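Engineer: I would like to see how this sequence folds:
(2 chains)
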2 protein chains.
Amino acid sequence: MIQNIKRPTLIIDPEKVKRNISIIAQKASRHGVKLSPHFKTHQSIEIGKWFKKEGIDSATVSSVSMAKYFIDHGWKDITVVFPLNVNEIEVVNELAAKSRFTVLIDSLDTIEIISDKLDCPLLVLLEIDSGYHRTGIDATDFEQIKGILDAIDQNENLFFSGFYNHSGDTYRAESKEEIEEIHERTLDALHRLRQEFSSQHPDLILSLGDTPSCCITENFEEIDVIRPGNFVFFDLMQEVLGSCSVDDVGIALASPVVFKNRERHEITIYGGGVHLSKEVLKGDDYLLFGKLVEFEDSGWSKPIENCYLKSISQEHGILKVDESTFNKLSIGDIVGILPVHSCMTADLMGEYVTLDGQVVDHMSGPKFRD
Amino acid sequence: MIQNIKRPTLIIDPEKVKRNISIIAQKASRHGVKLSPHFKTHQSIEIGKWFKKEGIDSATVSSVSMAKYFIDHGWKDITVVFPLNVNEIEVVNELAAKSRFTVLIDSLDTIEIISDKLDCPLLVLLEIDSGYHRTGIDATDFEQIKGILDAIDQNENLFFSGFYNHSGDTYRAESKEEIEEIHERTLDALHRLRQEFSSQHPDLILSLGDTPSCCITENFEEIDVIRPGNFVFFDLMQEVLGSCSVDDVGIALASPVVFKNRERHEITIYGGGVHLSKEVLKGDDYLLFGKLVEFEDSGWSKPIENCYLKSISQEHGILKVDESTFNKLSIGDIVGILPVHSCMTADLMGEYVTLDGQVVDHMSGPKFRD
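Structural biologist: Sure thing, here's the model as predicted:
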């Protein structure tokens, strides 16, 4: 199959992906928390089915369009963890009419704008900010939070479900200990919120969801729902953070070799920013856009040492390789590249292919077929 | 029209784009060089027609797939300035059978692999490297170049057309003077090549093609063909390089406001890495992923001072704004973002929309419709 590849193709290893799903599902079950995996990473109906086989029937997404894709394909319990976009209220009404649909609200203005535009019940998570400072209400600002809760309670179609926190700052952490610290800070913030508001809302749920925390910690005290996403494929960024081993990475970009430069020991591949994205890992004196692997009958090798993607432009990728790899690779060969950020690579490629030639869907649709 | 936008939409200003096309076409004409614009920036049949109106009937692309898109839509003279991918030789044969089709070759191995697989005449540009060090043969390595020319001449279906150089290092230049210096270095390298090989190939052409050089220089001595691409839209990166003014930027991402944080004076928009790409401009103490503009009836304002996109994740964009802009913008408003790198943003969005609601095609196809 690999030998027939003509142009950049995103190869998926279903065994690795299913193993990644199984491990996190078991972890959630062991801790008594519900797993509502974030589907923004894979955006795939087929991969959604692999989750269903593990008993998962609830999913998290990052846009209303993505919610629609999964609800149209039979998912009944979807949460959009992106601040509700009031311009999409029509579709939100449609989706809420045919599913258990939860949205994220973090402002009074949003509630006011949609208040007379809702046709049916809508579950609401309130996004709080325990320190990442992207979106959400300051987790200690009980007054503002109470104001929003009251506004939700006063609307006949809005039903408060609970609090949500995304600790995206774990992606900037420099050690597992730092990730644990961020996670503890988040747990603490959520616990205080339950204490404060459980008399008004005794059934409120606490939910959180970054992959680094969910992979590294064993402490999910009082947490009801976790929403990690990236773990389904993992990538080089997660390897650096300590969320996974490089053997767990479930997708690799297959790219043809198109040029070799002997003096610089560089190999040019057809695979660039429009395939991998320009996400980069920075070392002291280098940039790394991907690692080189060799395809095998049923998967791919470990990364080849001392070989990495040193730069990319729109369609070009430049591999820095050692002498023996340089000599081994020929024009026309298909090499594998492990991505720095799998969510972005999957979104760009718009479909996956297994090593036995099965196509796996992605919501974006294929860009690079004949 | 802007008020009806529901989710991230790439707005195009046809007047600006047509003006950008006209200016470079006139410049080429004034200097007596042929303009074979690089279509990897817009990837659009409709925008291709705007070039045709300026008398342009030859285009440059960065992949065989892109060549096919334009040839299938009536273009007869296409050059792929990406090292020939031998795995696509079947499609190359198809395209060469129905157009004046030129490919880039920079290795003997490539010629050997395709030598008995060609069905019809193929024009060949030899890519040389005058200092960018991405792909191409060292421009001073006459021996290696002669070896490749001889191999081309010995194949009955390959016809040497000339030399091509892409000075991508102009993108790292810190002044217009430095861009001119890089350009002079390239001219010098190309002149020497003509001197060396014109007896063997008296009709060889010299071609080059980065937007910064083509916009800034007035020296095209002995150059036959220029292949810039980005000028069609320009972007913030080109503004920094001095290739354009910010008023020339021809596309802007329309994004809904979804959240406001008063303490930090930050506004969250629905518009992130899957829309704009993660291309970034780095200042001493900040990162900039886009500039804020206000849509008007027939276009958009100048960038609003002291307001910029400070960070992005998959779907979120975080705008840092001043007090008055903060107060002016409401949840649900549609703001405009000028992109850092228009090629990547266009590729991600997969279509353009004009302010009067006309859809303009992009080869990738739309990702964010209902």
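Engineer: Pop the domain breakdown of chain A in here.
Structural biologist: A:2-10+A:245-361, A:76-228 (automatic domain parsing).
Engineer: Check whether the first one comes near chain B.
Structural biologist: Right, domain A:2-10+A:245-361. Yes. Against chain B, domain A:2-10+A:245-361 shows contacts by CB under 8 Å from any CB of the partner chain at A:5-7, A:256, A:258-261, A:263-264, A:268, A:270, A:273-274, A:277-279, A:311, A:313-316, A:318, A:330-332, A:334, A:343-344, A:347-348, A:350. To be clear about C-beta, it is placed using only N, CA and C from the backbone, and glycine gets the same treatment.
Engineer: Those, buried ones only, as a PyMOL selection?
Structural biologist: The following PyMOL line selects those of the residues of domain A:2-10+A:245-361 next to chain B that are buried, judged by 16 or more other CB atoms under 10 Å in any protein chain shown:
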select buried, chain A and resi 5+6+7+256+258+259+260+261+268+270+273+274+277+278+279+311+313+314+315+316+318+331+332+334+343+344+347+348+350
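Engineer: quick one: which of the residues of domain A:2-10+A:245-361 next to chain B sit in helices?
Structural biologist: Members of the residues of domain A:2-10+A:245-361 next to chain B lying in helices (criterion: DSSP state H): A:273, A:274, A:343, A:344, A:347, A:348.
Engineer: Could you dump those residues into TSV and include pLDDT?
Structural biologist: Below are those laid out as TSV (pLDDT from 0 to 100):
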residue	pLDDT
A:273	97
A:274	96
A:343	98
A:344	97
A:347	96
A:348	96
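Engineer: For residue A:332, give me its contacts.
Structural biologist: Residue A:332 makes contact with A:256, A:257, B:85, B:86, B:87, B:113 under the criterion CB atoms under 8 Å, 6 or more residues apart in numbering or on different chains.
Engineer: Let me fix that, I meant to ask about residue A:290.
Structural biologist: Going by CB under 8 Å, 6+ apart, residue A:290 touches A:236, A:253, A:276, A:308, A:309, A:317, A:337, A:338, A:339, A:340.
Engineer: try 7 Å this time
Structural biologist: Residue A:290 makes contacts with A:276, A:308, A:309, A:337, A:338, A:339, A:340, as judged by CB atoms under 7 Å, 6 or more residues apart in numbering or on different chains.
Engineer: so of the residues of domain A:2-10+A:245-361 next to chain B, which ones are in strands?
Structural biologist: Judged by DSSP state E, strands contain the following of the residues of domain A:2-10+A:245-361 next to chain B: A:256, A:258, A:259, A:260, A:261, A:268, A:270, A:311, A:316, A:318, A:334.
Engineer: Surely the fourth one touches residue A:269?
Structural biologist: The one in question is residue A:260. No. Counting by CB atoms under 7 Å, residue A:260 stays clear of residue A:269, with 10.4 Å between them.
Engineer: Residues of the stretch 1-150 of chain A that sit close to chain B?
Structural biologist: Residues of the stretch 1-150 of chain A lying close to chain B by CB under 7 Å from any CB of the partner chain are A:5-7, A:40, A:62-63, A:65, A:82-83, A:85-88, A:106-107, A:109-110, A:113, A:133-135.
Engineer: Quick check on those: which are buried?
Structural biologist: The buried subset of these - by 16+ other CB under 10 Å - is A:5-7, A:40, A:62-63, A:65, A:82-83, A:85-88, A:106-107, A:110, A:113, A:133-135.
Engineer: Of the ones in strands among the residues of domain A:2-10+A:245-361 next to chain B, which pair is most distant in space?
Structural biologist: Spatial extent of these (CB to CB) is set by the pair A:311 and A:334 at 20.3 Å.
Engineer: just the helices in the stretch 101-250 of chain A please.
Structural biologist: All helices of the stretch 101-250 of chain A, identified by DSSP state H, counting those that start in this stretch, fall at A:108-114, A:142-154, A:176-197, A:211-216, A:236-241.
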